[in-house]
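Enquirer: Fold the following for me, if possible:
(chains A, B and C)
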Amino acid sequence: MLEIRDVYKSFGKQEILKGVSLKIDKGDVVVILGPSGSGKTTLLRCINFLERSDQGHAVFGNVEVNLRTATKKQVHAIRQKIAFVFQNYNLFNNKTALENVTEGLIIGRKVPKQEAEKIGRTMLDKVGLSDKYHAYPSQLSGGQQQRVGIARALALNPDIILFDEPTSALDPELVGEVLTVMRNIAKEGTTMLVVTHEMSFARDVANTVIFMDGGSIVEQGTPKDIFTNPKEERTQQFLRRVLPADYSYDI
Amino acid sequence: MNQYFDAKYIFDSIPVLIPFLKVTFMVTGFSVLFGTLFGFLLAAAKIGKNRWANKMAHGYTTMIRCTPSIVLLFLTYYGIPYLFNQFGIDLNSIDKSVFVVITFSLQFAAAMSEVIRTAYESVDKGQYEAAVSVGLSSAQAYRRIVFPQAFVVALPNFGNSLLALIKEGALAYTIGLIDVIGKASLIISSNYNAHALEIYLALSLIYWVVSIAIEQLFSKLERIFGKGKQALKTV
Amino acid sequence: MSGGLDWGFLVKTFFIALSGAPTALAITVVALLIAAPLGFLGALTRINKIPVLHRLAQIYVSFVRGTPIIVQIFIIYSSVPILLTSLFAKFHIQADVYKVNPIWYAFIVFSLYTTATLIEVFRSAINTVNKGQLEAALSVGLTTVQAFRRIIIPQALVVALPNICTATTNLIKATSLGYAMSLQEITLKAKVAANVGYNYVEAYIDIFLIYLIICSLVEYGFKRYEKYLRTYKTVNA
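Expert: Next up, the predicted model:
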């Protein structure tokens, strides 16, 4: 459903992405792992045109766009199909939780206000925030804010949701509530591309795990392949560092 | 010269002076209008990527910041007619208030360009990114998400600049504008300089009240517009 | 005033105006020296909510910040002679109050003005220093005075410096209003020189240049000092 081909991106002299290609089918949950600075976040941002790639293509359904030269119209069309969940939530500070969720529907998609609010409430209910419709972001905890962020993405009924380290800005005790929401929507068949450091999520939820390092994909496969039987030296090293010694892959 | 102090003069002069606030407010109003428009242009130049525009805008701001209002006032008052004179255009019949408005527009623009720039930069880039990621166009993202937040940040600084403008505007009397201060000097000279102190005290009371009123107005506006922000205090 | 600028006059008057700079700077320095301790004390009364005094400080700041400085100058310039005359009469002092050098009035006006500014600058700066800093200092056995001198003030100073810089440049600019007290500073000197041949444009260009130079130097100096303090601060952090 979404295919990315040969994405390159540099910031100044620093090459961040050195030709990354990947393919995601409908209903897939793809998790990207890798040390910080490996280009995971930049890849996600390039897919959503938050950064302009130096080179690369995206194939969406049967439409192909050049990631470097895409027109405003193409960018807008792609963004209509992709939703994004940010590391630091980026909730609109001047809008309530419900307004955050409906903003894209009402303004971006011209959905009538009443209908948009109905969708908004459903989505906030889904992430367990039925009592926070009218709270402003500053009144919510980090975990609650990120759940609004996920509801905002879900409300757009996107073909795919990109998650950029959705739990890494959260206090440890708040990570659980966000992961639970993510597990639930994965179960419902939402297509997800997730950059995260949460190994348990990758192990339990993903159908594909991608290991990135130094701006390219080192290895990819099922969670079982990657966690129990990594082929590449760099993957093994990384896993040894991030996984507890007694961590085993049970199925 | 009979130099005794009589508070009666304070209260007698206040009602005479107050109608002349109209002139003060009018000059202030036009300066705010033109100054804000020019300030937007300067801020755009500072935020934008053009290096020359950037340097010019910053240079302009530094220059104005370093110039006392009275010097700027006389520079425009004498300098602009002089420049036009070089091209054979006579500006001597132009109303003095025009030069006052030009001076304080130039000054207010420099202040506003900083107010606007800092307000714009205070809004996290993620707000814009989140807005386009949910499908808003770039213009919509600015209008609905970035600007409303920047506006709240700018509000108190705008209020401070406005207060400074009103106070600096007091110097307009030096080129002969008859605003509150101009009127006060007229009263004093018609009294042969007697009871000047009382008139000046009356003047200071008028300005003080105006300043406090504006301060109150802006803190009220802040409360009204600071929706997302306001919650911070209640948590 | 037709024809080009009188360059000879422009250059000559530049130096005449420049000869007023020491007066302007002297007033600035004196006002800052008087206002700094007063401003600090005022800030402390505000922060610690000392009864009566903190109200007085608040009203004082509100008045000085709510009225044009030219009006403050008028008030001082017309009230001090009245006060002095009655004082002199009471104590039978033989002196003519109208022969006092205007620089004394300038010292009074600008010190009072700067005190109000600095009260607010110091207040907000001290407030930014975390309360834990004071508590930590007290917990290791410092007295309150020591804690302020060694821990709070050095940190607050870094925060306050940009605002002190603004206050200083504003003060230098405000001395241009000394003309209202017949003070022989930059603006008045150049204006008097211009009166002879109506070379006002040239005179104001000169004045403009001198303030530009002085303020740029002051801002540069403050930036250097701030940079120095910041490194010092991070090294110690």
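Enquirer: So what touches stretch B:27-39?
Expert: B:97, B:100-101, B:104-113, B:115-116, B:162, B:165-166, B:169, B:172, B:177, B:179 (Cβ atoms under 8 Å, 6 or more residues apart in numbering or on different chains). The way it works is simple: take the backbone N, C-alpha and C, and place the C-beta from them, glycine included.
Enquirer: One more pass at 7 Å, please.
Expert: For stretch B:27-39, the external contacting residues (Cβ atoms under 7 Å, 6 or more residues apart in numbering or on different chains) are B:97, B:100-101, B:104-105, B:108-109, B:112-113, B:116, B:162, B:165-166, B:169, B:172, B:179.
Enquirer: and if you look at stretch B:138-153?
Expert: Applying Cβ under 7 Å, 6+ apart, the external contacts of stretch B:138-153 come out as A:92-94, A:107, B:119-120, B:122-123, B:127-128, B:131-132, B:136, B:225-226, B:229.
Enquirer: Emit the ChimeraX select command for whichever of these are buried.
Expert: In ChimeraX, this line selects whichever of the contacts of stretch B:138-153 come out buried by 16 or more other Cβ atoms under 10 Å in any protein chain shown:
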select /A:92,93,94,107 /B:119,120,123,127,128,131,132,136,225,226,229
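Enquirer: which one among the contacts of stretch B:138-153 gets closest to chain C?
Expert: The nearest member of these to chain C, counting by Cβ to the nearest Cβ, is B:S122 at 16.4 Å.
Enquirer: which residues touch that closest one?
Expert: By Cβ under 7 Å, 6+ apart, the contact list for B:S122 reads B:A150, B:V153.
Enquirer: Mind checking which of the contacts of stretch B:27-39 land in helices?
Expert: Counting by DSSP state H, the members of the contacts of stretch B:27-39 that fall within helices are B:97, B:100-101, B:104-105, B:108-109, B:112-113, B:116, B:162, B:165-166.
Enquirer: Figure out the helix or strand that the residue nearest to the spatial centre of chain A lives in.
Expert: Taking Cα atoms, centre = their mean, the centroid of chain A lies closest to A:F163, which sits 1.6 Å from it. A:F163 is located in strand A:160-164, with elements delineated by DSSP states H and E.
Enquirer: for the chain, which spans come out with low pLDDT?
Expert: Unless you meant another one, I'm taking chain A. Residues of chain A that meet the criterion pLDDT under 70 lie in A:244-251.
Enquirer: My question was about chain C, not that one.
Expert: Residue ranges of chain C with pLDDT under 70: C:1-3, C:231-237.
Enquirer: Output whichever helix in chain A runs longest as CSV, nothing but the C-alphas.
Expert: If you go by DSSP H, chain A has its longest helix at helix A:172-187. Taking C-alpha atoms only, helix A:172-187 is exported to CSV below (Å, rounded to 0.1, in the frame of the first residue of the first chain):
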residue,chain,number,x,y,z
PRO,A,172,8.0,5.8,32.7
GLU,A,173,4.7,5.4,34.6
LEU,A,174,2.8,7.0,31.8
VAL,A,175,4.2,4.9,28.9
GLY,A,176,1.9,2.0,29.6
GLU,A,177,-1.4,3.9,29.0
VAL,A,178,-0.2,5.1,25.6
LEU,A,179,1.2,1.7,24.5
THR,A,180,-2.2,0.1,25.5
VAL,A,181,-4.0,2.5,23.2
MET,A,182,-1.5,1.7,20.4
ARG,A,183,-1.9,-2.1,20.9
ASN,A,184,-5.7,-1.7,20.7
ILE,A,185,-5.7,0.2,17.5
ALA,A,186,-3.2,-2.2,16.0
LYS,A,187,-5.6,-5.0,16.8
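Enquirer: Contacts made by that helix with the rest, please.
Expert: Contacts of helix A:172-187 with the rest of the structure, by Cβ under 7 Å, 6+ apart, involve A:29, A:127, A:141-143, A:146-147, A:150, A:154, A:166-167, A:170, A:192, A:198, A:201, A:205.
Enquirer: ok, the closest residue to A:R203 other than its chain neighbours - how many residues close by?
Expert: Spatial nearest neighbour of A:R203, excluding adjacent residues (Cβ to Cβ, 6 or more residues apart in numbering or on different chains): A:P223 at 5.0 Å. Neighbouring residues of A:P223 were enumerated by other Cβ atoms under 10 Å in any protein chain shown; the total is 21.
Enquirer: ok, now the one 10 residues further on?
Expert: Neighbour count of A:E233, defined by other Cβ under 10 Å: 9.
Enquirer: A:V218 should be in a helix, yeah?
Expert: No. The assignment for A:V218 (DSSP: H, G, I helix; E, B strand; the rest coil) gives strand, which keeps it out of a helix.
Enquirer: Up against chain C, what does chain B have?
Expert: Neighbours of chain C within chain B, by Cβ under 7 Å from any Cβ of the partner chain: B:3, B:5, B:63, B:66-68, B:70-71, B:74-75, B:78-79, B:82, B:85, B:167, B:170-171, B:196-197, B:200-201, B:203-204, B:207-208, B:211-212.
Enquirer: can you tell me which of those are in strands?
Expert: Members of the residues of chain B next to chain C lying in strands (criterion: DSSP state E): none.
Enquirer: what's the longest helix anywhere in chain C packed up against?
Expert: Criterion DSSP H: the longest helix present in chain C is helix C:200-236. Packing contacts for helix C:200-236, counted by 3 or more Cβ pairs under 7 Å, 6 or more residues apart in numbering or on different chains; DSSP states H and E, involve helix B:69-86, helix C:7-18, helix C:153-174, helix C:186-197.
Enquirer: Counting neighbours, which bits of that helix end up buried?
Expert: Residues C:200-212, C:214-215, C:218-219, C:222, C:226 are the ones in helix C:200-236 that count as buried (16+ other Cβ under 10 Å).
Enquirer: rewinding a little: now, among the contacts of stretch B:27-39, which is nearest to A:R5?
Expert: Ranked by distance to A:R5 (Cβ to Cβ), these are led by B:I116 at 42.2 Å.
Enquirer: The closest one: neighbour count?
Expert: A total of 25 residues lie near B:I116 under the criterion other Cβ under 10 Å.
Enquirer: And for it, nearest residue in space, chain neighbours not counted?
Expert: B:A43 (3.8 Å).
Enquirer: Quick one: residues contacting the closest residue in space to A:H57 that isn't next to it in sequence.
Expert: Nearest residue to A:H57 in three dimensions, chain neighbours excluded: A:R5, at 4.5 Å (Cβ to Cβ, 6+ apart). Listed by Cβ under 7 Å, 6+ apart, the contact set of A:R5 reads A:S21, A:G56, A:H57.
Enquirer: right, and the secondary structure at A:R5 would be what?
Expert: Following three-state DSSP, A:R5 is assigned to strand.
Enquirer: if I look at it, how far off is C:C165?
Expert: 54 Å (Cβ to Cβ, to the nearest Å).
Enquirer: where does A:T196 fall, phi/psi-wise?
Expert: Main-chain torsions, A:T196, degrees, to the nearest 10: phi -160, psi 160.
Enquirer: correction: B:Y142
Expert: phi -70, psi -50.
Enquirer: what's across from the residue nearest to the centre of chain A in the sheet?
Expert: A:V85, A:V194 (DSSP bridges).
Enquirer: Wait, a helix at B:S185?
Expert: Yes. Counting by three-state DSSP, B:S185 is found in a helix.
Enquirer: Can you tell me the number of residues neighbouring the nearest residue to it once chain neighbours are set aside?
Expert: Excluding the flanking residues, the one nearest B:S185 by Cβ to Cβ, 6+ apart is B:Y173, at 6.0 Å. By other Cβ under 10 Å, the residues close to B:Y173 number 19.
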